[in-house]
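J.: Provided below for reference: sequence and predicted model.
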Protein chains: 2
Amino acid sequence: MGSADITIAGTSAERVYEDLRAAIIGGEYAPGERLRAEALATRFGTSRTPVREALMLLEGDGLVEIEPRRGAVVRTFDPADLVDLYEVRAVLEARAAALAATRVTAEQLVELDAACDRAEGLTGHSARTVDTLIAANEDFHRIVIAAAGSPRLSGALRTVAGIPRPFKTVFWNDAAERARSLTAHREIVASLRAGSADRAESAMRLHVMNARDFLIEVMD
Amino acid sequence: MGSADITIAGTSAERVYEDLRAAIIGGEYAPGERLRAEALATRFGTSRTPVREALMLLEGDGLVEIEPRRGAVVRTFDPADLVDLYEVRAVLEARAAALAATRVTAEQLVELDAACDRAEGLTGHSARTVDTLIAANEDFHRIVIAAAGSPRLSGALRTVAGIPRPFKTVFWNDAAERARSLTAHREIVASLRAGSADRAESAMRLHVMNARDFLIEVMD
DNA sequence: GCGAGGTCTTTTGTATGCAAACGGCCGGAA
DNA sequence: TTCCGGCCGTTTGCATACAAAAGACCTCGC
């Protein structure tokens, strides 16, 4: 799994950044919820200074909104925001898939298969099952992006990659969407294995666009 | 010109961020040059705290590299970095052009014409001329991106938009490249005016890819 | 002369203190 | 009742103080 991005906690600010990011994406803080610097400092065992730095980085990632003199809140996503986000994601991930088709390693293909396998056959709706699906899905996309081998593409995707857990849950509670997603993932892996950039690109674009459409549909 | 993004200096950190970003892009700090927090604080009339925050934001933009306990330096770009950057830019700006074709306002079209006009007929190689060309070019691209009306696209582009001045100068010292760029800009404006998303997208992709190729060619 | 070790300086990263701004609360007037 | 204005608590933003780490330098030994 995330065997590559082991950060041995260089600075305190970095650690807070990563932990807080995970906490927000993991749904620990609800969208719209206020993030008071002092409380976070207490939670992470530091002072407000590294917390402030982490919050500014998270603002750059689009996960947090900071209004001067008013503090930070977890970003809320209205339907228009999410559509916008998914369309940019579609463009970037399609490109990543195209690049990955010519650069993916045998080892990465095995990891992609493994991520698909982990999602296969899960039928329940328990929190544990949903967690597994979310994790497998994120691993899948992360590996494709890594396989693209483009630092700038990875950086650009950071601004659209993370959305809070509540928004993701709706996908994985829908059985049809689960099946469609798994099929798409398998198709993408097959395209990558075949080295077909065009097919991988199209498959990935379709996959993300389908997610966008499902999100639109479910929002009413 | 930048009549839309007038920030009345919300916080000190924001002001330092913008000014320092402009200074780096403007070539005031050479790639690889060390950015000592204390010196910057003196320069901007603040303490190190807002400077540190600005530096972390600039790291997110890919303009600065921060190594823990070692400080910040202006990012250096080797040929591979620049190729990577321009290819992501091509994808994103092409998408921006496509969106802009359906959303651009009459006023923005006028501004785009004005940006092209400003670049037209300039033949000298003086610093002043080059500055004008760089500014006109940046205005052009900024307006297209604004016309796309996608906050996430704008955000993603921030990570690939800014490169230090020395790298841009090579373009605008080459007469053939100037002419080709102007032609491309005119073509893009025409496509936007016609509301042709496909044409605008293709024209923009071609334009950015040409820039990439020129950069590759000139780097040896 | 050259390399290793230790010390000293510089610079970073973090904590804390302090002033200012925001939001809420209360009281009063229409 | 409802709206307006002033006060107070809370929280932010910035400056500064302090500890620790990196790099420079110097000395000593070989």
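T.: Now that the structure is in, tell me what you want to look at.
J.: what are the ranges of the helices in chain A?
T.: Remark: helices assigned in chain A by DSSP state H are A:12-25, A:37-44, A:48-60, A:79-103, A:106-119, A:127-148, A:151-161, A:165-172, A:175-194, A:197-218.
J.: Mean neighbour count for these - can I get that in CSV?
T.: Every residue, glycine included, has its C-beta placed from N, CA and C. CSV is the format used below for these (neighbours: other C-beta atoms under 10 Å in any protein chain shown):
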stretch, mean neighbour count
helix A:12-25, 19
helix A:37-44, 15
helix A:48-60, 22
helix A:79-103, 22
helix A:106-119, 16
helix A:127-148, 19
helix A:151-161, 22
helix A:165-172, 17
helix A:175-194, 18
helix A:197-218, 18
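J.: Quick check: the gap between A:Val83 and DNA strand C.
T.: For A:Val83, the distance to DNA strand C (C-beta to the nearest atom of the strand, to the nearest Å) stands at 29 Å.
J.: swap in A:Tyr86?
T.: From A:Tyr86 to DNA strand C the distance is 31 Å (C-beta to the nearest atom of the strand).
J.: Once you drop chain neighbours, what's closest to that residue?
T.: A:Arg212 (3.7 Å; C-beta to C-beta, 6 or more residues apart in numbering or on different chains).
J.: Just list the residues touching that neighbour, thanks.
T.: For A:Arg212, the contact set (C-beta atoms under 8 Å, 6 or more residues apart in numbering or on different chains) comprises A:82-83, A:86-87, A:90.
J.: cool, A:Val73 as well?
T.: A:32-35, A:64-65.
J.: Name the residue most distant from the centre of chain A?
T.: A:Arg69 (29.8 Å; C-alpha atoms, centre = their mean).
J.: follow-up on the earlier one: which of the helices of chain A comes out lowest on mean pLDDT?
T.: Among the helices of chain A, helix A:165-172 carries the lowest mean pLDDT, at a mean of 90.
J.: does chain B sit close to that one?
T.: No - Helix A:165-172 lies out of reach of chain B by C-beta under 8 Å from any C-beta of the partner chain, never closer than 14.3 Å.
J.: Excluding covalently adjacent residues, which one is nearest to the one residue in chain A that gets nearest to DNA strand C?
T.: With C-beta to the nearest atom of the strand as the measure, A:Ser12 is the residue of chain A nearest to DNA strand C, at 2.6 Å. Spatial nearest neighbour of A:Ser12, excluding adjacent residues (C-beta to C-beta, 6+ apart): A:Pro50 at 4.3 Å.
J.: can you pull the contacts of the closest residue in space to A:Gly62 that isn't next to it in sequence?
T.: Nearest in space to A:Gly62, with sequence neighbours left out and distances taken as C-beta to C-beta, 6+ apart, is A:Thr159 at 5.3 Å. Applying C-beta under 8 Å, 6+ apart, we find A:Thr159 in contact with A:60-62, B:152, B:155-156, B:158-159.
J.: In a markdown table: those residues, plus distance to B:Arg193.
T.: Shown next, in a markdown table, are the contacts of A:Thr159 (distance: C-beta to C-beta, whole Å):
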| residue | distance to B:Arg193 |
| --- | --- |
| A:Gly60 | 34 |
| A:Asp61 | 36 |
| A:Gly62 | 32 |
| B:Arg152 | 25 |
| B:Gly155 | 27 |
| B:Ala156 | 26 |
| B:Arg158 | 27 |
| B:Thr159 | 29 |
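J.: And these, which two are furthest apart?
T.: The distance between the two most remote of those (C-beta to C-beta) is 12.6 Å, for A:Gly60 and B:Arg152.
J.: just to revisit the earlier point, TSV for the contacts of A:Arg212, including distance to A:Gly45?
T.: What follows is the contacts of A:Arg212, written out as TSV (distance: C-beta to C-beta, whole Å):
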residue	distance to A:Gly45
A:Leu82	34
A:Val83	39
A:Tyr86	36
A:Glu87	40
A:Ala90	40
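J.: Which members of those residues additionally contact DNA strand D?
T.: When contact is defined as C-beta under 7 Å from any atom of the strand, these do not meet DNA strand D at all.
J.: Let me know the closest of those residues to B:Ile188.
T.: Closest to B:Ile188, out of all of the contacts of A:Arg212 and judged by C-beta to C-beta, is A:Glu87, at 20.5 Å.
J.: thought the closest one was touching B:Pro151?
T.: No - counting by C-beta atoms under 8 Å, A:Glu87 does not reach B:Pro151; the two are 11.5 Å apart.
J.: who in chain A is up against chain B?
T.: Counting by C-beta under 8 Å from any C-beta, chain A sits next to chain B at A:10-11, A:13-14, A:49, A:52-53, A:56-57, A:60-62, A:68-69, A:81, A:84-85, A:87-88, A:91-92, A:95, A:150-153, A:155-160.
J.: can you rerun that using 6 Å?
T.: A:10-11, A:53, A:56-57, A:60, A:68, A:84-85, A:88, A:91, A:95, A:150, A:152-153, A:155-156, A:159-160 (C-beta under 6 Å from any C-beta of the partner chain).
J.: among these, which are within reach of DNA strand D?
T.: Answer for the residues of chain A next to chain B near DNA strand D (C-beta under 7 Å from any atom of the strand): A:Pro68.
J.: just to revisit the earlier point, can you convert the contacts of A:Thr159 into CSV and add a column each for distance to DNA strand C?
T.: Shown next, in CSV, are the contacts of A:Thr159 (distance: C-beta to the nearest atom of the strand, whole Å):
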residue, distance to DNA strand C
A:Gly60, 17
A:Asp61, 18
A:Gly62, 22
B:Arg152, 26
B:Gly155, 24
B:Ala156, 26
B:Arg158, 22
B:Thr159, 21
